[in-house]
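1. using only what follows, build the 3D model:
(one chain, ligands or ions: 2)
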Amino acid sequence: MADAQKIGMIGLGTMGSALALNLAEKGAHVVVQNRTEARVPEFISEAGALASNLEGAGDLADLVARLPEPRFIILMTPAGAATDAMIDDLKPLLSAGDTLIDAGNSDFHDTRRRTEQLEEAGFKFLGMGVSGGEEGARHGPSIMVGGTADAYAPVKGIIEAIAAKFEDAPCAAHLGPDGAGHFVKTVHNGIEYADMQMIAEVYGLLCDAGWDAPKIGTLFGEWGKCNLGSYLVEVTEAVLLATDPETGKPMVDVIMDKAGQKGTGRWTVIEALKLGQSATTIEAAVAARSWSAEPAVRAAGEAALDPAGLAKVEVSAEDLKEAFLAARILAYAQGFRVLQAASETYAWDLDMARVAEIWRAGCIIRSVLLDEISSAHRAGLPEGQLYLAEGLRQKVIAGLPALRRVVSGAALSGRPVPALASALSFIDTMRLGRGTTNLIQAQRDYFGAHGFERVDSDAKGLHGPWAGHGM
Ligand SMILES: NC(=O)C1=CN([C@@H]2O[C@H](COP(=O)(O)OP(=O)(O)OC[C@H]3O[C@@H](n4cnc5c(N)ncnc54)[C@H](OP(=O)(O)O)[C@@H]3O)[C@@H](O)[C@H]2O)C=CC1
Ligand SMILES: O=C(CO)[C@H](O)[C@H](O)COP(=O)(O)O
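-> Ligands and ions are numbered 1, 2, ... in the order given. The predicted structure is shown next:
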């Protein structure tokens, strides 16, 4: 089938507008449509020279009528009910063989359901995760595609053209069938949550130690030039150095300590648990955002639970840097463990090296580590664990003493560091050949006759000598 030349774009919000301009710049002719119709002419009038590659449509029927068959239509709308309603409205207008591409942050279960329903009706469907925010969508995002190879083939050229490039290679990939692309995007966001939370924890410790926002911003600027280099560290530097035009104070000082979340972090944790996995650094980050939404309760807690007597925070910037690097590697490692579990459960055969490669540029979690992470995956991970790959293992080992000092120092001064602490507990668990769940097995057997295995036998379902308790 010929490559898609004329493409529909529904939803001219932050992401849809930027992606439409990116597509137009790369030579596609884009027919744009938006629920609030007035936005369409406004958008085209603001597009400058790119307007010649843009065409406005009124309603959905008009959009469909302006596209040649087979049609290719991108949806950039809020995930969930809005996208379902949009698909329901479009279906009667489409012809067999047309392709819908959901580029929003959809739950991969929805993508799997929609794929089945649309394919049954004779249409093609791609679930396409896009990362990079507005700037990325405009000039080169990281793009994670799920669907059939047949559905991807005609759009591959334009998708790779609009994607970010890492050393000339496009940061876009067809990762697997149906929900694979949206699942990878969801876990990307989970890692994003963990990384942002760890940065916020470092910021909190430095604030407690008396540093002001610009000084912390400058530190993050320095970190951005070393092996902590990443987009989120750059963002952190920029926001910490910004000043509130109204008060002249650092901007972050006048922003409420109450974080929003749209669901992808939470979905990562939920799916991890359903897969028999756990992503504790991501869970800590989701919890921190959720608890942040209760400022009044926290204020009451501050008044009632007198922190007097706690030690003043004593952590060095050097320790924070080393601790963050180690914990960041562990958060990536947890994310890849979730991807591996999903890949096996859903038979996606995800190429983890490819996932890491397309995260090296364009996306929110891009960092200098990702090149090393992709190489580690290509070389094959010892026991399937990222943190056991030699270079990363060395970094974790080097950072662990600092991570211990930071987490224990924070605990002694009453400063919560849930993501850093969970990263430490994770690696401390995974480096103990024999832990303590032998006791849990004994307890389970005592109260529920659940059975256990012995260290000196292959027999299963053994029971202990729990006198008087049924065995
Ligand atoms: N912002 C970001 O950084 C990123 C967002 N995403 C995802 O991209 C998608 C779009 O996000 P974003 O552009 O930020 O969102 P915006 O809120 O900026 O834009 C939403 C768009 O969807 C339209 N829309 C909203 N509700 C409906 C509805 N019920 N029916 C039809 N159209 C509707 C809006 O139209 P109208 O003008 O009429 O309101 C608007 O065009 C989401 O799924 C989001 O999760 C993905 C990656 C990054
Ligand atoms: O996908 C994104 C970045 O990769 C979006 O910015 C998303 O909105 C971030 O999630 P949340 O709003 O829950 O913080």
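2. which of the three states applies to residue 129?
-> strand (DSSP: H, G, I helix; E, B strand; the rest coil).
3. equivalent analysis for residue 16, please.
-> helix.
4. which ones are touching it?
-> 9, 10, 32, 34, 74, 76, 77 (Cβ atoms under 8 Å, 6 or more residues apart in numbering). In this view, the C-beta of every residue, glycine as well, is placed from N, C-alpha and C.
5. now with 10 Å?
-> Neighbouring residues of residue 16 by Cβ atoms under 10 Å, 6 or more residues apart in numbering: 9-10, 32-34, 39, 43, 74-77, 103-104, 137.
6. as JSON lines, those with neighbour count and distance to ligand 1 would be great.
-> Below are the contacts of residue 16 laid out as JSON lines (neighbours: other Cβ atoms under 10 Å; distance: Cβ to the nearest ligand atom, whole Å):
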{"residue": "9", "neighbour count": "29", "distance to ligand 1": "10"}
{"residue": "10", "neighbour count": "25", "distance to ligand 1": "7"}
{"residue": "32", "neighbour count": "28", "distance to ligand 1": "10"}
{"residue": "33", "neighbour count": "25", "distance to ligand 1": "9"}
{"residue": "34", "neighbour count": "23", "distance to ligand 1": "5"}
{"residue": "39", "neighbour count": "18", "distance to ligand 1": "5"}
{"residue": "43", "neighbour count": "20", "distance to ligand 1": "10"}
{"residue": "74", "neighbour count": "28", "distance to ligand 1": "11"}
{"residue": "75", "neighbour count": "21", "distance to ligand 1": "8"}
{"residue": "76", "neighbour count": "25", "distance to ligand 1": "5"}
{"residue": "77", "neighbour count": "23", "distance to ligand 1": "4"}
{"residue": "103", "neighbour count": "29", "distance to ligand 1": "7"}
{"residue": "104", "neighbour count": "25", "distance to ligand 1": "3"}
{"residue": "137", "neighbour count": "26", "distance to ligand 1": "7"}
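7. which residue packs closest to the residue of the stretch 301-450 of the chain found nearest ligand 1, ignoring adjacent ones?
-> In the stretch 301-450 of the chain, the residue that lies nearest ligand 1 is residue 364 (7.8 Å; Cβ to the nearest ligand atom). Leaving out its chain neighbours, the residue that sits closest to residue 364 by Cβ to Cβ, 6 or more residues apart in numbering is residue 192, at 5.0 Å.
8. just the element for that neighbour, please.
-> Assigned by DSSP states H and E, residue 192 belongs to helix 180-208.
9. what mean pLDDT does that helix have?
-> Rounded to a whole number, the mean pLDDT of helix 180-208 is 98.
10. what comes up buried for the helix or strand where residue 421 lies?
-> For residue 421, the element it lies in under DSSP H and E is helix 418-430. Within helix 418-430, the residues that count as buried by 16 or more other Cβ atoms under 10 Å are 418, 419, 420, 421, 422, 423, 424, 426, 427.
11. show me where the protein has strands.
-> Using DSSP state E, the strands found in the chain span residues 6-10, 29-33, 54-56, 72-75, 99-102, 124-131, 142-146, 165-166, 169-170, 172-176.
12. winner for burial among these?
-> strand 142-146 (a mean of 29; mean count of other Cβ atoms under 10 Å).
13. each with direction, which strands does it pair with?
-> strand 124-131 (antiparallel), strand 172-176 (parallel) (DSSP bridges).
14. and ligand 2, is it touching that?
-> No - against ligand 2, strand 142-146 shows no contacts by Cβ under 6 Å from any ligand atom, the least distance being 9.0 Å.
15. do that strand and ligand 1 meet at all?
-> No - Strand 142-146 lies out of reach of ligand 1 by Cβ under 6 Å from any ligand atom, never closer than 10.0 Å.
16. most proximal residue of the stretch 101-250 of the chain with respect to ligand 2?
-> residue 131 (4.4 Å).
17. next one: stretch 363-380 to chain centre, how far?
-> 15 Å (Cα atoms, centre = their mean, to the nearest Å).
18. then stretch 348-359?
-> 14 Å.
19. next: stretch 403-413.
-> 27 Å.
20. who in the stretch 251-400 of the chain is up against ligand 2?
-> 260, 261, 262, 264, 265, 364.
21. any idea of the pLDDT on the fourth one?
-> The one in question is residue 264. 98.
22. how near is the residue nearest to it when sequence neighbours are not counted to ligand 1?
-> Excluding its sequence neighbours, the residue lying closest to residue 264 (Cβ to Cβ, 6+ apart) is residue 189, at 3.6 Å. Relative to ligand 1, residue 189 is positioned 8 Å away (criterion: Cβ to the nearest ligand atom, to the nearest Å).
23. low-confidence ranges, the chain, go.
-> 1-2, 307, 468-471 (pLDDT under 70).
24. residues contacting the residue nearest in space to the middle of it?
-> Geometric centre of the chain, nearest residue: residue 189, 1.3 Å, by Cα atoms, centre = their mean. Residue 189 makes contact with 105, 129, 131, 261-268, 282, 335, 363-365 under the criterion Cβ under 10 Å, 6+ apart.
25. among these, which pair sits farthest apart?
-> 266 and 363 (19.4 Å; Cβ to Cβ).
26. more neighbours, these two?
-> Shown here are residue 266 and residue 363; by other Cβ atoms under 10 Å, residue 363 has more neighbours (29 against 20).
27. on that earlier part again, in this structure the residue of the stretch 301-450 of the chain closest to ligand 1 contacts residue 232, no?
-> Yes - Residue 364 is within contact range of residue 232, at 6.7 Å (criterion: Cβ atoms under 10 Å).
28. give me the common contacts of those two.
-> 192, 195, 196.
29. go back to the residues you listed and keep what's next to ligand 2.
-> Of the shared contacts of residue 364 and residue 232, the ones that also sit near ligand 2 (Cβ under 6 Å from any ligand atom) are residue 192.
30. so which of the shared contacts of residue 364 and residue 232 comes closest to ligand 1?
-> For the shared contacts of residue 364 and residue 232, the nearest to ligand 1 is residue 192 (10.1 Å; Cβ to the nearest ligand atom).
31. next, the contact list for residue 363, please.
-> 129-133, 136, 140-144, 164, 171, 185, 188-189, 191-192, 231, 370.
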